[in-house]
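Q: Quick one, fold the following:
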Amino acid sequence: MKSTFEKMGGTYTLGADGIYYPNLVSAVSNIQNVAEEIVLKELVDI
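A: Numbering: from 1, shown residues only. Just a heads-up that it's a prediction; the model follows:
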């Protein structure tokens, strides 16, 4: 089962300590892309 983070395009990196850490830069970039798509969609619908 995917987490919400993964559903939004987030990924994880396995650290040397055996713990998975989120790749936050990727997630932020994905959120920005989604926000841009929403804004563009709003402009087209006006």
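Q: Distance check, N23 against M1.
A: Here the criterion is CB to CB, to the nearest Å. By it, N23 lies 19 Å from M1. Just so you know, the C-beta spots here come from the backbone N, C-alpha and C atoms, and that holds for glycine as well.
Q: who has more neighbours, these two?
A: Comparing N23 with M1 by other CB atoms under 10 Å, the one with more neighbours is N23, at 14 against 4.
Q: Now that one: closest residue in space that isn't a chain neighbour?
A: Ranked by CB to CB, 6 or more residues apart in numbering and with sequence neighbours excluded, the top spatial neighbour of N23 is T11, at 4.8 Å.
Q: tell me which element the closest residue to S3 other than its chain neighbours is part of?
A: Distances taken as CB to CB, 6+ apart place G10 nearest to S3, at 7.7 Å, with adjacent residues excluded. Under the assignment given by DSSP states H and E, G10 is not contained in any helix or strand.
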